[in-house]
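Colleague: A predicted structure for the sequence below; I have some questions about it.
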Amino acid sequence: MLDILYVMDPMTTVSIDKDTTFVFQLEAQRRGHRNFHCLATDLSMQDGRPFARCSRLSVARVRHRPFSLGEPISRSLDSFQCVLMRRDPPFDMAYIFATYLLEAVRNTTFVMNRPQSLRDANEKLFALRFTDLVPPSLVTGHADQIKAFLSEQGGQVVIKPLDGAGGEGVFLLSHGDQNLNAIIEAVTGHGRRYALVQRYIPEIRTHGDKRIIVVDGKPLGATARMPPAGELRGNIHVGGVCVASELTPRDLEICRRLEPEFKNRGLYFVGLDVIGDYLTEVNVTSPTGVQEINALNGVCIEFNVLELIEQRCAAAR
């Protein structure tokens, strides 16, 4: 039996039909493991030892009462066999400080994903290491560079903040748009913040924004998030609809290229975003999409995740 701590958002925010962490908890409980819950702000350190103010967690796929929490207790993080960092973005300084605390956990505890890699693998920037896999891209805060890149790419590009999530702050820039300057100013904070600018990929309209779930370097399934009418983004938060999607030869090539990096960095659970033939994001902080892929493809990805956790915990012991 394992004691598993989930560092995440409040359980009251969990959607039992969509939340990936929830099905991890269900599967862990089914296997006889004990779940515990805490917020990132419940982490602490005393005399060099990391602790959590946490509560025993029980879950059930029941709408009127999907979870119950015990009384809060203080426990050393070293006393858990596994700690999952599942706090949703934004990736801010509070998140970074939490990863430093998690990094102090002894190597007898399996932490997923590796805290240092959560800091190093920015979800927008990490993909840019693989220039042949991503669309033509620019990172800058300067409006003149953005406009020049817009012209180079034929008059349409997508701009997004480096610390955004869930489609927040994503815009389509087009030549002749009267809002062009205003959008650039808003995303870059008048040049004070970096933005990622990429060639617009028209396949978003026909094939959607594909989310591929990768566990221990291997792709286990995908779903395509289709944008609603009149919308650029396929994110579920803004009305995107998930449809079944197969892994193409290009998808598998992308996964093969990234597998060594993921294994080397301890990125055990990752969500890749692919539009057309291009990798657009590598999501490592709190990837979601498991319940949608399970439902559409008749699989059970959380089974593989808990198998991995049990194997890693046994190896750590």
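Modeller: Yep, it's here.
Colleague: for the stretch 201-317 of the chain, which spans come out with low pLDDT?
Modeller: 230-239 (pLDDT under 70).
Colleague: at 90 what do you get?
Modeller: Within the stretch 201-317 of the chain, the stretches with pLDDT under 90 are 227-241, 316-317.
Colleague: which residues in it form strands?
Modeller: Counting by DSSP state E, counting those that start in this stretch, the stretch 201-317 of the chain has strands at residues 209-215, 218-226, 241-244, 269-275, 278-283.
Colleague: Mind putting those into CSV with mean neighbour count and distance to Leu180?
Modeller: (C-beta placed from N, C-alpha, C; glycine too.) Converted to CSV, the strands of the stretch 201-317 of the chain look like this (neighbours: other Cβ atoms under 10 Å; distance: least, Cβ to Cβ, whole Å):
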stretch, mean neighbour count, distance to Leu180
strand 209-215, 24, 24
strand 218-226, 21, 27
strand 241-244, 15, 29
strand 269-275, 24, 22
strand 278-283, 24, 22
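Colleague: need those strands in a markdown table with distance to Gln145, can you?
Modeller: Below are the strands of the stretch 201-317 of the chain laid out as a markdown table (distance: least, Cβ to Cβ, whole Å):
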| stretch | distance to Gln145 |
| --- | --- |
| strand 209-215 | 26 |
| strand 218-226 | 30 |
| strand 241-244 | 35 |
| strand 269-275 | 23 |
| strand 278-283 | 20 |
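Colleague: right, so of those, which gets closest to Asp132?
Modeller: Closest approach to Asp132 among these is made by strand 278-283 (9.7 Å; Cβ to Cβ).
Colleague: Tell me the strands beside that closest one, with direction?
Modeller: Neighbouring strands of strand 278-283 in its sheet, by DSSP bridges, are strand 269-275 (antiparallel).
Colleague: Would you map the strands across the stretch 51-200 of the chain?
Modeller: Using DSSP E, counting those that start in this stretch, strands in the stretch 51-200 of the chain cover 67-69, 73-76, 82-85, 110-112, 137-140, 156-161, 171-174, 195-199.
Colleague: Of the ones you listed, which is nearest Tyr6?
Modeller: Of the strands of the stretch 51-200 of the chain, nearest to Tyr6 by Cβ to Cβ is strand 82-85, at 5.1 Å.
Colleague: can you give me the mean pLDDT across that closest one?
Modeller: For strand 82-85, mean pLDDT is 98.
Colleague: Just the CA trace of it, in CSV.
Modeller: Output in CSV follows, covering the C-alpha atoms of strand 82-85 (Å, rounded to 0.1, in the frame of the first residue of the first chain):
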residue,chain,number,x,y,z
CYS,A,82,4.7,9.3,-4.0
VAL,A,83,4.0,13.0,-4.4
LEU,A,84,2.2,14.3,-7.5
MET,A,85,2.5,18.0,-8.3
